[in-house]
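Novice: take a look and give me a structure for this.
(one chain, ligands or ions: 1)
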Amino acid sequence: MKTIITGATDGIGKQTALELAQLGHHVFIHGRNEERLSETKNWILNQVPNAEIQAFRADFASLKEVSTFAKQLLSLNTAFDVLINNAGVIEKKLAYSADGFERTFAINHLAPFYLTLLLLPHLKKQTSCKIINVASDAQATTIDFNALNAEKGFNIYDAYELSKLCNVLFTFKLAREVDQNQITVNALHPGVISTKILHAGWGMGGASWHSGAATSVYLASTSKENQGSGHYYVNKQKAKAVAAAYDKENQDLLWEKSLQMCQLKLS
Ligand SMILES: NC(=O)c1ccc[n+]([C@@H]2O[C@H](COP(=O)([O-])OP(=O)(O)OC[C@H]3O[C@@H](n4cnc5c(N)ncnc54)[C@H](OP(=O)(O)O)[C@@H]3O)[C@@H](O)[C@H]2O)c1
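Specialist: Alright, predicted model coming up:
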């Protein structure tokens, strides 16, 4: 199994990479910092000496870097069995990405949207692939398409919850766009886990990284038939996302707006 894991240099993504390497997956780990990538690679190799690991650096606050990352993956000319869109942040203050988008929205939604769609033509040529989006139960209950970019003011939690609703809307829309016999697309809430995001956003501790990785590892390693597609998982079980996530108009509009923001035309 060949598995891409974004945001694999800390927390849930790092643990997911370790546990999938333990299960024999060849892991393609991503992070924004070379030193943290090599530290992560060594951390995995210390525990799984024969692990196959390749590391890729890309700052998700830059669509150009996301595009370079996608090109590097595609240049390997290999089939990817699993793509886990896990990288994420909580931004305490209003700040903008290299492309002028509010950073939480840019890093948590636009980057995985863009990466996935850049890889999609390649993934569609494979016999099978699973796309797993690490969202959260902290989903906004409504979406204002005139305020995706903090146009009506910035609040740390509103920005984070909007980006996590976007993860689920994107999951449900992409699941409708692809042949689910070939590509499954699911989202998940990992639990309340002791990581940088939780400490920075809520000033509290939570459950272990192992517990946070459990649903990602489950979806990456269980059969496509067992998990289905277009679902939201919590604790390895199908669960209900917020009502706004099931609204097809929301899904379609976010898709169109995101394509425009990434200046992407689908052939
Ligand atoms: N922890 C929770 O309780 C919780 C709950 C619900 C959902 N989640 C979701 O779980 C996912 C993983 O988060 P975590 O809690 O494990 O947080 P974390 O420990 O902070 O890990 C986040 C990962 O994303 C990477 N990242 C951050 N900004 C980036 C950027 N600009 N470009 C590229 N990579 C970047 C980080 O890189 P560095 O190592 O360089 O920082 C790290 O590898 C996120 O999508 C988060 O929203 C977490």
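
Novice: going forward, measure contacts between C-alpha atoms and count neighbours the same way
Specialist: OK.

Novice: just name the shakiest helix or strand of the chain by mean pLDDT.
Specialist: helix 224-227 (a mean of 92; mean pLDDT, DSSP states H and E).

Novice: alpha carbons of that one, as PDB, please.
Specialist: Taking C-alpha atoms only, helix 224-227 is exported to PDB below (Å, rounded to 0.1, in the frame of the first residue of the first chain):
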ATOM      1  CA  LYS A 224     -13.400   0.200   0.300                       C
ATOM      2  CA  GLU A 225     -16.600  -1.900   0.400                       C
ATOM      3  CA  ASN A 226     -16.600  -1.900   4.200                       C
ATOM      4  CA  GLN A 227     -16.300   1.900   4.500                       C
END
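
Novice: list the buried ones in it?
Specialist: K224, Q227 (16 or more other CA atoms under 10 Å).

Novice: then stretch 99-118?
Specialist: Within stretch 99-118, the residues scored as buried using 16+ other CA under 10 Å are 101-118.

Novice: what is the end-to-end distance of it?
Specialist: End-to-end distance for stretch 99-118, by CA to CA, to the nearest Å: 17 Å.

Novice: check contacts around A111.
Specialist: By CA atoms under 8 Å, 6 or more residues apart in numbering, the contact list for A111 reads F60, A61, S62, L63, V66.

Novice: closest to the ligand out of the residues you listed?
Specialist: F60 (3.7 Å; CA to the nearest ligand atom).

Novice: wait, that closest one sits on A106?
Specialist: Yes. Judged on CA atoms under 8 Å, F60 makes contact with A106 at a distance of 7.4 Å.

Novice: before we move on, which element is the residue nearest to C262 when sequence neighbours are not counted in?
Specialist: The spatially closest residue to C262, leaving aside those adjacent along the chain, is Y114, at 6.7 Å (CA to CA, 6 or more residues apart in numbering). Assessed by DSSP states H and E, Y114 sits inside helix 111-125.

Novice: go on, A55?
Specialist: In the assignment (DSSP H and E), A55 maps to strand 53-57.

Novice: now that strand: how far from the chain's centre is it?
Specialist: Its chain's C-alpha centre and that of strand 53-57 lie 16 Å apart, by CA atoms, centre = their mean, to the nearest Å.

Novice: now that strand: average pLDDT?
Specialist: For strand 53-57, mean pLDDT is 98.

Novice: do that strand and the ligand meet?
Specialist: No. Strand 53-57 lies out of reach of the ligand by CA under 6 Å from any ligand atom, never closer than 7.7 Å.

Novice: ok, and for the helix ranked longest in the chain, which residues are buried?
Specialist: Of all the elements of type helix in the chain, the one with the most residues (DSSP state H) is helix 156-177. For helix 156-177, the buried set under the neighbour-count rule, 16+ other CA under 10 Å, comprises 157-175.
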